[in-house]
Every structure is written in structure tokens, then in C-alpha cells.
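Q: Structure of the sequence below:
(2 chains)
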Amino acid sequence: MQLNVNGTNREVDAPEDMPLLWVLRDLLGLTGTKFGCGMAQCGACTVHLEGKAVRSCVTPVSAVGNRMVTTIEGLSPDGSHPVQKAWAAVDVVQCGYCQPGQIMSAAALLAENPNPSNEEIDLAMAGNICRCGAYQRIREAVRQAATTRRAER
Amino acid sequence: MTAALTRRELLRNSLLSGAGLFIAFHVPRKAMAVPAPAGKQFPDPNAFVRVAPDDSVTVLLAHSEMGQGIWTSLAMMVAEELDCDWSKMRVEHAPAAPVYAHPAFGMQMTGGSTTSWSEFDRYRTVGAMAREMLVRAAAAQWKTNPGKLRTENGYVFHGKQKLSYGQLAVAAQAQTPPRSVKLKDKKHWKILGKPTRRLDSPEKITGKAQFGMDVQFPGLRTALVARSPVFGGKVKSFDGSKAKAVKGVEQVVQVPTGVAVVANNFWSAKVGRDALAIDWDLGPGASFDSAAALRSYREQAKTNGTVAAQKGNADAAMGKAAKRVLAEYDVPYLAHATMEPLNCAVKIENGRCEIWTGTQFQTVDQMSAAKIAGVPQENVSIHTQFLGGGFGRRATPTSDFVSEAVHVAKAAGVPVKTVWTREDDIHGGYYRPMFLHRIEAGLDEKGMPIAWKHTIVGQSILAGTPFEAMMVKKGIDATSVEGVVDSPYLEAVPARLVTLHSPKEPPTVLWWRSVGNTHTAFAMESFIDELARAAGRDPLEYRLALLAKKPRHARALKTAAEKAGWGTKLPPRHAHGLAMHESFGSIIAEVAEVSVDEEETIKVHKVACAVDCGTAVNPLGIEAQMQGAIAFGLAAVLYSELTLKNGQVEQSNFHDYQVLRIPDMPEVSVTILESGAKMGGIGEPGAAPISAAVANAVHVITKQRLRSLPLRLA
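A: Numbers count the residues shown, from 1 in each chain, chains lettered A, B, ... in the order given. Below you'll find the model as predicted:
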């Protein structure tokens, strides 16, 4: 079947029930998207489908169709997305394993809601677990990214 | 596990490393007191730092980066002495080799919040040595005296002439390493002690950082292992035919821990494993029930166990007390639940065994793998990848996940990455053990404790491991009693007795971020609060009275209280709770502002944290570790609990083994107190005090004294 990933059409030979996560990681070699729970509980596998955040670990590849898939590798060519810049400035990461998922959730939130309240940030990010507990800086980075993103428009 | 190492093997290995053996996550005071310099052998700078012709400076990390920030802090140590350009700094995990043995423990490992203090001298020294070699190379080129040259930001200067480190790199390599160097005085530091952003940030925010899970190379298969649902169970028989029929599955092989399904991708291995039919011999572990075990702990605690600490006659003093207070505290089994589930890739070929994984225990893993693969230890290479969280789980004395992966690769005869699912992780053992504390104190007329009797019941982490002989002294596993026997509060009690029961249970247990302090801080700081209430005194004032001879502890407590606004008026159903605990050589005080709403939901709004770690290497990193450790500890205060029935763990994934999520994260303010005392640890100690701080606040609001974790209001 054909998949559009990060702006490129890719041909994959996968069983229909194979989650998008494993197609990305094992068949396309895009390992930035992480496996954490396999049941949409932790958000480590978050990618964008047509710009909306989805958990790729419970998205069968057959359900993707011709919708555009964006992974952390496709968010920006060089880490220059406002969310990534804020993440670096605020020094968010610790072990880093959950961070691609966190960043994809934050980017999807800001695309939909450029000026989220603290409660809206917490709500949108509640599905992404960080065991290192970097939550305080995640909040701060989302706020900072929202500010710079608005200033750039 | 089949590859358990003997003590003799460990000892032999550590002697090879030349640093003497001293293993465990618990760092006895004696070890903390011994400065950990290069010692007899001066480090080989070439093993730790590389200056390249392109001006880049690469630091080889003898320890594993798992989020704690040593990727940055150890590079800061080198850069401070090397005077190099920080923007040209690179870091790599070192291979597994004797030269990278932990300066205090004699084996290559990361744990016990020891990296920064134990490497402080070695990494600064190699930086200074490399600088000296560059200066000498420049002096030779300019035909002048090295004493006339100065260094700054990656250049050697001679008057107005300058040569970059890259230009000197090759010539410097040929210089004999100096036999002594003088390290900079603290007042001249430009990098150390300054808030510094992480060097691993760029790769971690772009998805480029490679974790063990991300290792891929042509020919590498993925395996999932079906393990016994009960600890100690064995495969009686199995039928792998349906698994083999799954597209992508190549082999089904038996290993000591169960049955492995080897496939060309994860999903096929998963579907294949689900199709296995296995008949298990569950063994005696099938009767284990954690609730029943806790009841039995309660009974055991009524009698004295093995003496862990004793002073005066506690029974006699108790008889003279004006008032007695008795309480019991308990904590459940906990999984570490690192975000990256366990995994390990192994290739056995031509008498060599190559391993790619995120581990905290390179030397032990190397030895375990050598034994299983049947190759000499030096033929086992370990390529340490970024760890998607460690918290102790990736430091198993049995090398559990590495040993199993080597068994799988050996049985399959092809390179295999063994991957655990979240369910495998939650069911996989190596938990923080369940513990119960029974404490009785006798108070004098003023409410101060004059007698203290304390019995602790819980599994030993070290019993049955190769470290037992070294770390379990006179029947006392130091990790079971740390935080009690060395409590600054207890020092103020004239007559005291601490004893320990170490029951043996089927679940495997392990160190979990801050180890014994996870339960001892909860018991000690909750009980001290109960004593203050019994004495009718303010909890802060009462603690300060007990800490009269402990100025560092008192200062941390006062600082946190002041930052939190202790004693100020809070909104209705809000209260402050405080706790202070020393562990891993650092003193941490935390004051939590907590509320309990009408639906009895406990919410932690703010935490004021004061930390005295002696000397701060990277304040920005310390702040992150305090915030993170508080979140980690808070998960266990509010949610996390593993229970076992019929020998089986009842939870399986993040829906029923809950951890902290962002809406529950309090605003944590961190104050770093530079005391100039010997440097302490930072990764773990912040996790310890939060449980009691929250429980003490909940008591103020509800008048309910909650003595079990997670906290649940009646």
C-alpha cells in the first residue's frame, strides 16, 4: 500500500492490522516515533495525521489511507519548529524518550489553538507521560512556543 | 537467571580494573568520605577526551546518560580545565572497558547518584592534562617556554599569536601526558557552577537520538519472550506452530526465562507470541498474595528483627516516657516503568558477542554475556545507547534483560533485538519491594523523644546477588535501613533500637530511584510530624529543635519553609506539609502546598525545595532533577501500586499502573544551597521527602493521618 509520510509517498508491504507505529519504525526506519505502551496511554508514539495528533500505536496502517502522516523527523528539517526551539531554550529534555511525542502533541495543539491557557495546555498534554517528570518545563516551553509563534505571524 | 555471577568473578573483574571493589547503590558514609581522585593511577587522558583537527572536543562518558544530565555535567568538568570552546563540545558513551570503571565502585556502572561527585576529580584532571599537552605542543611549535603561553576558548595564545586546539591536536597527541596538574580554584570557574543547557538536547528534540529500542542494522531480528505469569515458574511444554504460521515470524525458541518468538519486525513477533500455547509449571510462587504478605509483615514487626542500630537501652527509656506514640507505615511494590521498555540487541559471531542496549551496569552485563555466549569477557562489546529512563531498573545484578537477550540470540543463531512490551515491564519484576515500618517513640515532658523503637520489614534487594557478601553486613542489607539508621533526627534520641526483618518472597526486587529512602523518608518524616503534633508543637519548630546540632539540615529546612511561606494563611482546605531527608550525600527539604477538595481529591499545587549538595556543578540540571524526582515520587504518593494475587501481578499498563501526568505536576521552586561540604548526589534524593510532605499536609486539612502509600482518604 501507499503512505504519504513527511511529504513523500512510500510503498509499504504491511498487514492491514499492523499499527502505523511499527510501519514507521520497522518498515520505514523512522525511529523518532517511540513505542511506550501499545494502547494509547502514554503518547510516546504521537504523530500527525493531516496535522492532528494521533497515537500511532493504535492506528492500523490500513486506516491511514491517503492522509498525510507527519513524524518528528518531518516536523522541521533541522529542529527549527517553534516548539522545538522553545524545547531547547527551556532545556526541557531529560532522558528524551517521550520527547518526540510531547513535541508532536504540543505542535498540534498550537496549530489548532495559538493561544492556549494553562488549563488547555495541561489538557492537551495530559496524554503524554514523561517518567523523568519534565512537566514543569514542558508547560513553560509550550507557553514560550505559543508566544514566539504568534510573534512570527 | 542462569548467568548469575559469583562473587569471585566480580572481584576478579574489579581487580582487573585496578580500582578495588566497592559495589552498591547505597553509598556508605565511609566511601563518601574517601576522596575519589585518580588515586594511584593517573587517568589516561586519551581514554576520556579527544581533540580533533576540526576543533571539536569529544568527551567519552564512562557512565550512562539516562536523563540525569551527566552528558552535560561531565563535559563541563573537562571544558572548565581544558579552556575549550563550549560550542565545539561533543559527548559519546564510552565502550565497556576496565579503564572506565567507576572510581568508587571499581566496575563500570551508573547509579547511586554518584557520577558527578565520583568523577569530579577524574574528569577535571583529564581536561587539565589535555590542556597541558596542547600547550606543550604549541610551545614546541613556537620554540618557547610553555609557561609563557595561555589558553582561552579553544586557543593557545603566545602574545598576539594563536593556534587553535584543532591545529595542535595531532602534535599534542604525541606529547607524554603530564604526571601532575593543578586544578583551577573554584573562584576562577567559568563553566562549572553556571546554569548550562544540555548538550543532548538537539538530537533529543529532533528524534535523532538513538535509544536501545532504535538500534537497527541489516539482519537484525526482533524477538518477544513469553515469560512465566508467576515468579519462578518454568515452561513445562509449548506449541509454537501457530506462532510460526504468522507472517514475518522466523523461529520459536526456548530460553531459560520462557519462549521467544523471533521475527523480522516487532508486530509479527507480538502477534506470534500471542499465538503461543504454553503449559507452565508455576511452582510455589503461585500462592503469593501481596495483601496477605503485608498482614504477615505487620505481625513480624511486633517482634524485634536483626539489630541494625542500637544506642542506650530503648526499652528502659521507653518505660520512663511521659507519653508514647506508636505508628505503622507501609508502601507497596512498585515498577520503575521507564518510558523506554527494556530491550537489548545481541550479535554473536566469530567468537565475539556484541551488545547494543541502554544499561546502567556494563561490567556486570559484560560478564553475564560472556558466560552465556561462551566467549572471553574482553570479546563482549557493549555499545551503550541513550537510556529511555533508568531509575535503577537498568542495573540488575542478574543482568536480567541482557542475559535473556544473549540467550535468545544464541538459541536463534542470528542477531536479535529482544524487546519488552509495557505489560512485560510491569509484570517483569525487579520492583521496589513492599515495606512496613513499626515505630514507637517515648516522649519526655516537653514532647521530645527520649526512646525510639523501630522495626522494618521488607525484602532485601541484595540478598542472593553477588553483592550480598559485600553489602549485607551482619544480616543487615544497608539499602533496607538507609535513611533510618543514619537519620539526623535519630541522632538526637538518646536511646534507640532499629531492627530489620528481611522476608524472602517470590517477586524479584531492585533499587528504585532513591532506593530505601523511598520508604524510610516516608516513615521517618511522617512519624516526626506525628510526634510534633503529639507534643503540641509546630512541625517546623519541633524539627529544628531536634536538628540543633545539624546546621546544614536545619538551614535546608528553614530555607524551604521560608520560600513556601510557612505559617502564612492559605485558601480554605489548603495546607503546607514539610519533610527533610538526607540521602546520597545531599540534604533535601520540601514543603508542599496541598489541597483536598470535597470529593477528597488530593492535589499538590506547589513544592518549595531546598537542596544542599555541597557544590553545584550545573544548577540548571539540579533544578530539573529536583522537579523530576518530585514528579517521580509524587506518582507513588498519589497513584502507583502493584498488587499480586495467586502469584500474578494484577496491573499491566499505564491505565491501571498510573503514574504522574502533567495536570498533577506542581510548580516546584528549587533553591540550591552551596555549603561547600563534600559534593553529594542529585539524581535520586529529591524523590524521597515528597511522600511525607504531602501526607503531613493532608493531615492538617483532613485530620486523617495516612500511613500507607499511595495516599487514600477514608
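Q: For the residue of the stretch 101-250 of chain B found nearest chain A, which non-adjacent residue is spatially closest?
A: With C-beta to the nearest C-beta, the shortest gap between the stretch 101-250 of chain B and chain A falls at B:G207, namely 2.2 Å. All C-beta atoms are positioned from the backbone trio N, CA, C, and that covers glycine. Closest residue to B:G207 apart from its sequence neighbours, by C-beta to C-beta, 6 or more residues apart in numbering or on different chains: A:G32 at 2.2 Å.
Q: Any figure for the gap between that neighbour and A:L49?
A: 16 Å (C-beta to C-beta, to the nearest Å).
Q: out of the two, which sits in the more crowded spot?
A: Ranked by neighbour count (other C-beta atoms under 10 Å in any protein chain shown), A:G32 and A:L49 place A:G32 first, with 23 against 18.
Q: Just say helix, strand or coil for the more buried one.
A: Assigned by DSSP: H, G, I helix; E, B strand; the rest coil, the conformation of A:G32 is coil.
Q: What values do phi and psi take at it?
A: Dihedral angles phi and psi of A:G32 (degrees, to the nearest 10) take the values phi -70, psi -30.
Q: buried residues in the top helix by length along chain A?
A: The longest helix of chain A (DSSP state H) is helix A:135-152. By neighbour count on 16 or more other C-beta atoms under 10 Å in any protein chain shown, the buried set for helix A:135-152 is A:135-146, A:149.
Q: Which parts of the stretch 451-600 of chain B are strands?
A: B:472-473, B:476-477, B:495-501, B:574-583, B:586-596 (DSSP state E, counting those that start in this stretch).
Q: hmm, who's touching the second one?
A: Going back to what we said before, that points to strand B:476-477. B:T306, B:V307, B:A308, B:S460, B:I461, B:L462, B:A463, B:M471, B:L500, B:S502 (C-beta atoms under 8 Å, 6 or more residues apart in numbering or on different chains).
Q: Scan these and report the most crowded one.
A: Tallying neighbours with other C-beta under 10 Å puts B:I461 at the head of the contacts of strand B:476-477, with 32 neighbours.
Q: Do you know the pLDDT at that residue?
A: On the pLDDT scale, B:I461 is placed at 97.
Q: So which of the buried residues of helix A:135-152 reach chain B?
A: Within the set of those, contact with chain B (C-beta under 8 Å from any C-beta of the partner chain) is found for A:Y135, A:Q136, A:R137, A:I138, A:R139.
Q: I figured the first one hits B:V659, correct?
A: No: using C-beta atoms under 8 Å as the test, A:Y135 is too far from B:V659 to be in contact (11.2 Å).
Q: Among the buried residues of helix A:135-152, which one sits closest to chain B?
A: A:Y135 (3.7 Å).
Q: which residue sits closest to that closest one, ignoring its sequence neighbours?
A: What sits nearest to A:Y135 in space, not counting adjacent residues and going by C-beta to C-beta, 6+ apart, is B:M665, at 3.7 Å.
Q: and if you look at B:A335?
A: B:I426 (5.2 Å).
Q: Same question for B:K606.
A: B:E593 is the one closest to B:K606 (C-beta to C-beta, 6+ apart), at 4.4 Å.
Q: which residues does that neighbour bridge with?
A: Here B:E593 sits in beta bridges with B:H576, B:K606, going by DSSP bridges.
Q: Nearest residue to the residue nearest in space to the middle of chain A in space, please, no chain neighbours.
A: Closest to where the C-alpha atoms of chain A average out (C-alpha atoms, centre = their mean) is A:M104, at 2.3 Å. Beyond its immediate neighbours in the sequence, the residue positioned closest to A:M104 (C-beta to C-beta, 6+ apart) is A:T46, lying 4.3 Å away.
Q: Surely that neighbour touches A:S56?
A: Yes: counting by C-beta under 8 Å, A:T46 does reach A:S56; the two are 7.2 Å apart.
Q: Now for those two: what residues contact both?
A: A:T33.
Q: what's the pLDDT at residue 77?
A: Answering for chain A, as no chain was given. At A:P77, the model reports a pLDDT of 91.
Q: that's the other chain; I wanted chain B
A: 98.
Q: How about the contacts made by it?
A: By C-beta under 8 Å, 6+ apart, the residues touching B:M77 are B:E119, B:F120, B:Y123, B:R124, B:G127, B:L192, B:V617.
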